[in-house]
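Participant: Sequence and predicted structure below; questions after.
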Amino acid sequence: MKIQIKAALEFGMLGVLVTSSLTAHAEPWLLIDDFESPQRFSSWIQEDTKNETQPRVETPQVTQVQLEIIDGVSNHYLLKKPAPEGVIGNRKALTYSRLPTSVPVGSTYTFYTRINVQSFPNNHAFGISNMDGLGIKKNDYNAFEPTLRVTDKIESNGFKNDGALMVKVEQGYANVINPKLNRSAMPLVAGTWYETWYVVNNATKAQGGQRYDVYLKGGEEFPTQTKVFSEATFRMQRELPLTHFMMNCNTGPMSSPYGNGGLKYDDLYMTPGLNLTYPQSNN
C-alpha cells in the first residue's frame, strides 16, 4: 500500500536540522506481542541464569502481564523486574521469545516497541538476538545484537549513568541524542510511555551492515518522532539471521546492588524495510 511516512528529524550539514517526508510502499507490521493474549504470552521463556540470591529465591525475576485503564480504555502490558523489592543477587533475568519471522542476513527490518520506566534505580536491556534458547541462556548479554538499554547504575569504572535511553556502540554504550540541542537526551521520565523505532540493518559488516538507527517519541523532550541515533552497532556482529526478541535485567551484585526498578513493555512489532509509521493498533 502506498502511504505517506513522516520522517524523523535528521542531521544536516553542520548540525542543522533537516525535516523531510518520504513516500514508501510499507509492508504490514507483524505482531510480536501486545500482551493482550494469554496464549501468545505463553511463548515467552523466563530464565534466571545467574541466581545468587541469599536467602535463595528459586525464580526471582518478576515478569508479569498487568492491566492499566486510561480514560476508560483498558490495556495490558508486560512489567519486568529482576526480582521483587528487597531481593538482590539475580544477575541475569532473561526473557525471550521467537520472532514471527527471522531477519535474514542482508535484509533490513524496522522494530517498534513502547516502553515505560516504572521506577529508578534499575538496569534493563532489550533487543534482538541471533541465538536460539540454549545460546541465549549461555551467553546472556552477549546473545544481544541490536540493543537498547535503560539504566541509572554506576559502571565498574565509576561512571554514573543518568537513565537516558542508550544504544550499543563499539566501545560500550552511548546515550541517544537530542539533535535539536546537539546534546545527550534527558533521562527517561518514569511513568511516561515512549515509542521506539529501531531500523536494523542485518547486512554483513563488509556491506555496511550490523548497525541500527533509533527513533524516539515521548515525553516533553520528544513530542514528535525524532531520529536520536545513527549507526549504533550490533553487540557481537555474528552476521547470522535474527530470530528472537530478548529482554534482560539485573539487580546488581550482593555487595553493591543497582536497584530493582521495573520497565514496562507493550506493542512489540516488526516489519520489513524502513517503516516509520505506527502499527495499526496504535493509530
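Facilitator: Perfect, thanks for sending it. Numbers count the residues shown, from 1 in each chain.

Participant: The residue of the chain most remote from its centre: what's it in contact with?
Facilitator: Going by CA atoms, centre = their mean, the residue of the chain most distant from its centre is Pro55, 31.2 Å out. By CB atoms under 8 Å, 6 or more residues apart in numbering, the contact set of Pro55 is empty. C-beta: built from backbone N, CA, C; applies to glycine.

Participant: got a pLDDT number for it?
Facilitator: pLDDT for Pro55: 93.

Participant: Give me the distance between it and Phe126.
Facilitator: According to CB to CB, to the nearest Å, Pro55 stands 29 Å off from Phe126.

Participant: now Gly208
Facilitator: For Gly208, the distance to Phe126 equals 25 Å [CB to CB].

Participant: Now do the helices in the protein.
Facilitator: Shown for the chain, the helices assigned by DSSP state H span residues 38-41, 133-139.

Participant: Out of those helices, which is closest to Val176?
Facilitator: helix 133-139 (25.1 Å; CB to CB).

Participant: Give me the contact list for that closest one.
Facilitator: Helix 133-139 has contacts (CB under 8 Å, 6+ apart) with 45, 47, 49, 94, 96, 129, 131, 143, 244, 246.

Participant: Around the fifth one, how many other residues sit close by?
Facilitator: Tyr96 has 23 neighbouring residues, counting by other CB atoms under 10 Å.

Participant: ok, it - contacts?
Facilitator: Shown in contact with Tyr96 (CB under 8 Å, 6+ apart): 44-45, 47, 129, 133, 136, 244-247.

Participant: quick one: the residue nearest to it when sequence neighbours are not counted from Thr151, how far?
Facilitator: Leaving aside its sequence neighbours, Tyr96 sits nearest to Met246 (CB to CB, 6 or more residues apart in numbering; 4.3 Å). Applying CB to CB, the value for Met246 to Thr151 is 16 Å.

Participant: Same check on Pro82?
Facilitator: Distance, Pro82 to Thr151, by CB to CB: 12 Å.

Participant: Neighbour count: these two, which is higher?
Facilitator: The residue with more neighbours, out of Pro82 and Thr151, is Pro82; 31 against 25, by other CB under 10 Å.

Participant: my read: that one touches Gly261, true?
Facilitator: No - the pair Pro82 and Gly261 does not pass the contact test of CB atoms under 8 Å, sitting 9.3 Å apart.

Participant: Retrieve the pLDDT associated with Glu221.
Facilitator: You'll see Glu221 listed with a pLDDT of 99.

Participant: Please apply the same query to Ser156.
Facilitator: 88.

Participant: Could you do the one 10 residues further on as well?
Facilitator: In this model, Met166 is scored at 99, pLDDT.

Participant: if I read this right, it contacts Glu155, doesn't it?
Facilitator: No - the pair Met166 and Glu155 fails to qualify as a contact (CB under 8 Å) at a distance of 11.5 Å.

Participant: Who has more neighbours out of these two?
Facilitator: When Met166 and Glu155 are compared for neighbours, Met166 comes out ahead with 24 against 11, by other CB under 10 Å.

Participant: Identify the residues contacting the closest residue to Glu27 other than its chain neighbours.
Facilitator: The shortest distance from Glu27 to any non-neighbouring residue, by CB to CB, 6+ apart, is to Pro272 (4.6 Å). Taking CB under 8 Å, 6+ apart as the criterion, Pro272 is in contact with 27, 107-110.

Participant: Go again with 10 Å.
Facilitator: By CB atoms under 10 Å, 6 or more residues apart in numbering, the contact list for Pro272 reads 26-30, 101, 103-104, 107-110.
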